[in-house]
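Asker: next comes the sequence, and after it the predicted model I'd like to discuss.
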Amino acid sequence: MRFDLVTIFPDYFHALDFSLMGKAQETGLLDVVVHDLRDWTEDAHRTVDDSPYGGGAGMVMRPDVWGRCLDDVLAVGPGAAPRLRRVLAIPTPSGVPLTQRIAEDLAGANQIVVACGRYEGIDQRVADRYRQDEVEVLEFSIGDYVLNGGEVAALVLTEAVGRLLEGVVGNPESLVEESHGEEGLLEYPEFTRPRCWRELDVPEVLLGGNHAEIARWRRDQSLIRTAHRRPDLVAELEATHLDIHDREVLVGAGKILVPRRADVVIGLARSDEAGALARLAADTFPMACPPQLGETDIADFIGVHLSESEFTRMLADPDDHRILVARVKARDGGEDLIGYTVTVLGGPDGMPTEMVRPGRLELGAAYLSKCYVRAEWHGSGVSGALLERAVVDVEARARNSQIALGTNIANKRARTFYRRHGFSVVGRRTFEVGSVANIDDVLVRKVTPVVG
Ligand code: SAM
């Protein structure tokens, strides 16, 4: 591929003689030719600019000088044969943002001519005129800020496109997992030796050699980073490319993609939210009940255990009752609670231990007594994100080394969900709803208390 860089400061482009770009030129993968625009001027002062029509500050680059230059440069390039692809790239802060997709597309061109503006830029007719020829014209920006000239942008374009040409980057694998790849995610954080530097450790998972775990961790980090740093990229993500684990991770980072895009915040319930929690609990509890349970029994249970006064009691006791909620912006501008968890860290509400295999449930295990999400948000990843946050919350309180829960034996969906989150069945319990004693599976997951 040939790059023709046209500028009034040719020395600027010595930067391309170094490193991979320098090597690519030496080996003939890349042909970079720098031109001094002033060579196409016709006056003694080698003038390239003039004052703007309509008035205003600054000077504008003259189209006649650019025209003579570009006619020559485009003629000498391989683009002289009409079937070859020639691109005239004009850096300007008012251009389309340069992206990896554009760089990938340009890597298929035969000749790219970059017209570096200075002053207030180049007379608009230059772009408009060449667009009428068999030249693709790309007015591009490298960011929402203003530089003094187009040379830096030309360097950026040359390197972004040049490194994609076959053979330029030694190990093509290293191009595969980079930021702005096909999926539109940012790259995960990278680490190297030393293992501990200024009291900062390399994440444990990267040291174990478990490739599946490392791949999962890296993908999680990519998703989290993208959500935090580039919400604009999350808005572009294709939801169908994300599995339920991906969606849970994104929800944990504040972004819901399905069933509709929304910002979500997971955090401790506020003391004034007892009423909203009771309504959410009454709406969601029936979904997990087995079909044999009558409406009256369910209503009785809700009236006693999920009432506003019961939530008021739990909210007043945050040492033992941890209530997390997921909030999204409501259509009226307020907030909607769409899911919640209740975890009991100890005391009389703790997990009943009858019918559990001996030794499998520790005395004093934290008890996840509720984990519910409104039906319309099922599949969004909110329940998994809430559950993982509840686990982190238990670990941070450092009182328990297990978290336990019960779920009706007929509720396969719940069992699969908890298993996916590291829980395993350790036995059964009876769970009374109204007048009916139901059989629940008891599931347990280890937690690592955070000490210090
Ligand atoms: N008057 C122009 C405007 O407000 O859009 C700014 C001109 S700027 C001072 C001079 C030259 O710097 C431009 O013609 C362009 O070549 C280059 N330039 C400045 N900022 C740029 C950016 N963000 N992306 C690409 N080129 C830029």
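Answerer: Yes, it's here.

Asker: can you point out the buried residues in the helix or strand harbouring Val152?
Answerer: Element membership of Val152 [criterion: DSSP states H and E] is helix 151-162. Using 16 or more other CB atoms under 10 Å as the test for burial, helix 151-162 gives Glu151, Ala153, Ala154, Leu155, Val156, Leu157, Thr158, Glu159, Ala160, Val161, Gly162. To be clear about C-beta, it is placed using only N, CA and C from the backbone, and glycine gets the same treatment.

Asker: using CSV, write out the CA atom coordinates for that helix.
Answerer: Extracted in CSV, the C-alpha atoms of helix 151-162 (Å, rounded to 0.1, in the frame of the first residue of the first chain):
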residue,chain,number,x,y,z
GLU,A,151,0.1,16.0,10.5
VAL,A,152,-0.7,14.3,13.8
ALA,A,153,-3.9,13.0,12.4
ALA,A,154,-2.1,11.8,9.3
LEU,A,155,0.4,9.9,11.5
VAL,A,156,-2.5,8.4,13.4
LEU,A,157,-4.2,7.2,10.2
THR,A,158,-1.0,5.8,8.7
GLU,A,159,-0.2,3.8,11.7
ALA,A,160,-3.8,2.6,12.4
VAL,A,161,-4.1,1.4,8.8
GLY,A,162,-0.5,0.4,8.2
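
Asker: partner strands of the helix or strand just after it and their direction?
Answerer: For helix 151-162, the succeeding helix or strand toward the C-terminus, using DSSP H and E, is strand 196-197. Strand 196-197 has the following strand partners under DSSP bridges: strand 200-201 (antiparallel).

Asker: the ligand: which of the buried residues of helix 151-162 is nearest?
Answerer: Ala153 (3.7 Å; CB to the nearest ligand atom).

Asker: pretty sure that closest one contacts Val146?
Answerer: No: between Ala153 and Val146 there is no contact under CB atoms under 8 Å: 11.0 Å.

Asker: overlap in contacts of those two?
Answerer: By CB atoms under 8 Å, 6 or more residues apart in numbering, Ala153 and Val146 have no common neighbours.

Asker: which bits of the chain sit near the ligand?
Answerer: Listed as neighbours of the ligand in the chain under the rule CB under 6 Å from any ligand atom: 91-94, 116-118, 120-121, 141-143, 145-150, 153.

Asker: if we use 8 Å, what do you get?
Answerer: Neighbours of the ligand within the chain, by CB under 8 Å from any ligand atom: 58, 61, 90-95, 98, 115-122, 140-150, 152-153.

Asker: can you find the helix or strand in this protein with the smallest mean pLDDT?
Answerer: In the chain, no helix or strand scores lower on mean pLDDT, DSSP states H and E than strand 424-433, which sits at a mean of 91.

Asker: may I see the buried residues of that strand?
Answerer: Val425, Val426, Gly427, Arg428, Arg429, Phe431, Val433.

Asker: would you agree the second one is in contact with Arg360?
Answerer: Yes: counting by CB under 8 Å, a contact exists between Val426 and Arg360, whose distance comes to 3.7 Å.
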